[in-house]
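Enquirer: need a structure here:
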Amino acid sequence: MRLGITADTTENATSDLLEVIGALEEANAEVVLDTAVARLLGREEEGSSLRKANIDVIIIVGSDRTLLRTLLDLGSREVAVLPVASVDQEGYLFDVHVRNFDLVVSDLLNHDWTEERHTRIVVRVGTRRTTPPLLNEAAIFPRRSATLMHYTLVIDGEEFWRDSSDGVIVSTPTGSTAYSMSVGGPVLLGSTHALTVIPVNSTNPARRPLVLPDDMTVELRELSSSVGIDIVLDGQRRVGADGGPIIVRRSPHDAVFVKFAEERVAALRGRLQRKVRAHSGAARALPPSAKLVLKVLEYHDVMTQREIVNETKLPARTVRHALSKLISEGLVTRHVSLRDSRQGLFRIVTDRDRRGGGKANVEKSREVRRR
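Expert: Down below sits the predicted model:
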């Protein structure tokens, strides 16, 4: 078995990478390093593009963001992936942690695991090229927050409704516990053959989230907004959608996950429980702007206020209020940058923060990102 290894090299993942690689090499596994990982470790001659390499499983070391970015980079390739959560990462899509990775190496190499397939979606704008498959969602929003978007929703060629709202999210079952859930979307079991369509803050209270069979095509026509419209792909990439129409359908290429012995429903329930604990009951009562800031911080780890403004397109005053609310609820922590004492660094509160060891980690992660 040939194993590819990748990680988010903008994070402080070096020690975690070495731990994973060491466990595999000790077991005499054949390892192929992603080009960027090989460069980070000073092993350039061993680097290769995992999109083209002949490998059986790709091990992804990092966070949910690392996983989503890697799957986007892999495009339509259906190679099995094993996410391994880094130290201090919650990793809602990760069942294996770097601290217990050595316990699963034998099962991995002996193929004592099953494949779990996750539905993905693809998006096309007008006559442009289709996007890479998306694991979570396509989020369609005006480029500036607090601006209405007008559209016509068409399902399998038939007009379903006309609406004005802050945006629309089309989600997979996997994505139903991510951004979709934060705006009131339904939670779907991973085995459900369905997609969800969630209008965000519609001006018409009758516009409720829809659950559709995943063989249906979702189309947004007659799109208009005073500031233009973007599609955010799995929270990682942003593409313009001016002119439309936007067509969303199930991808023929699923995401394939390595699953060790455990019940699927129990695994999903565990992820949900971890997420509920992380956000606490207070998160449900947060205003939409605070929920959006919280979701952006989940994807981006450590950010300044200016970076949050640029990413969310919210006014600076709204972001300040949202951060103040999140900090008061104990969901986000703020640390002063050692480089500039006037600048704050914001991130999701972790168990390490609660134990009092988070400040140094924030600064260290920030320094790596600067490089």
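Enquirer: any weak-confidence spans in the stretch 51-200 of the chain?
Expert: Counting by pLDDT under 70, the ranges of the stretch 51-200 of the chain that qualify are 88-91.
Enquirer: and the strands in it?
Expert: 57-62, 80-85, 96-97, 114-118, 121-125, 137-142, 149-155, 158-165, 167-171, 194-200 (DSSP state E, counting those that start in this stretch).
Enquirer: need those strands in TSV (columns: distance to Ala316 and mean neighbour count).
Expert: Bear in mind the C-beta positions are built from the backbone N, C-alpha and C, glycine included. Below are these laid out as TSV (distance: least, Cβ to Cβ, whole Å; neighbours: other Cβ atoms under 10 Å):
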stretch	distance to Ala316	mean neighbour count
strand 57-62	30	25
strand 80-85	33	23
strand 96-97	37	18
strand 114-118	37	15
strand 121-125	30	21
strand 137-142	18	25
strand 149-155	22	19
strand 158-165	24	15
strand 167-171	20	26
strand 194-200	22	24
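Enquirer: how close does Asp215 sit to Leu71?
Expert: The gap separating Asp215 from Leu71 is 22 Å, by Cβ to Cβ, to the nearest Å.
Enquirer: between these two, which is the more surrounded one?
Expert: Leu71 (24 against 11; other Cβ atoms under 10 Å).
Enquirer: can you give me the neighbour number for the nearest residue to the more buried one once chain neighbours are set aside?
Expert: The shortest distance from Leu71 to any non-neighbouring residue, by Cβ to Cβ, 6 or more residues apart in numbering, is to Leu135 (5.4 Å). Neighbour count for Leu135, taken as other Cβ under 10 Å: 24.
Enquirer: list the contacts for Leu135?
Expert: Residues near Leu135 by Cβ atoms under 8 Å, 6 or more residues apart in numbering: 67-68, 71, 118, 120, 172, 174-175, 234, 255.
Enquirer: now Val87
Expert: By Cβ under 8 Å, 6+ apart, the residues touching Val87 are 15-16, 98-99.
Enquirer: list buried residues within the residues you listed.
Expert: Buried by 16 or more other Cβ atoms under 10 Å: 16, 98, out of the contacts of Val87.
Enquirer: could the contacts of Val87 be laid out in JSON lines, adding distance to Pro315?
Expert: Compiled in JSON lines, these are given as follows (distance: Cβ to Cβ, whole Å):
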{"residue": "Ser15", "distance to Pro315": "39"}
{"residue": "Asp16", "distance to Pro315": "37"}
{"residue": "Val98", "distance to Pro315": "39"}
{"residue": "Arg99", "distance to Pro315": "41"}
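Enquirer: quick one: neighbours of the spatially closest residue to Arg77 that is not a sequence neighbour, just the number.
Expert: Using Cβ to Cβ, 6+ apart and skipping residues adjacent in sequence, the residue nearest Arg77 is Arg51, 6.3 Å away. Neighbours of Arg51 under the rule other Cβ under 10 Å: 15.
Enquirer: give the contact list for Arg51.
Expert: Arg51 sits next to 73-75, 77 when contact means Cβ under 8 Å, 6+ apart.
Enquirer: keep only those of those that are in helices.
Expert: Residues of the contacts of Arg51 located in helices (DSSP state H): 73-74.
Enquirer: just confirm Asn28 is within a helix.
Expert: No - Asn28 sits outside any helix when classified using DSSP: H, G, I helix; E, B strand; the rest coil, being coil.
Enquirer: by how many degrees do whichever helix or strand Ile247 is part of and strand 121-125 diverge?
Expert: According to DSSP states H and E, Ile247 maps onto strand 246-250. With axes from the mean of the first three to the mean of the last three Cα atoms, to 10 degrees defining the directions, strand 246-250 sits at 160 degrees from strand 121-125.
Enquirer: Thr147 versus the residue nearest to Leu71, what's the distance?
Expert: Separation of Leu135 from Thr147 (Cβ to Cβ): 28 Å.
Enquirer: and Leu109, how far from Leu82?
Expert: Separation of Leu109 from Leu82 (Cβ to Cβ) stands at 12 Å.
Enquirer: between the strand holding Ile247 and strand 167-171, how many degrees?
Expert: With the same axes, to 10 degrees defining the directions, strand 246-250 sits at 20 degrees from strand 167-171.
Enquirer: next up, the contacts around Tyr299.
Expert: For Tyr299, the contact set (Cβ under 8 Å, 6+ apart) comprises 64-65, 68, 235-236.
Enquirer: ok, the closest residue to His118 other than its chain neighbours - contacts?
Expert: Of all residues not flanking His118 in the chain, Ala255 sits nearest, at 4.3 Å (Cβ to Cβ, 6+ apart). The contact partners of Ala255, by Cβ under 8 Å, 6+ apart, come to 71, 78, 81, 117-118, 120, 133, 135, 174.
Enquirer: lovely, talk soon.
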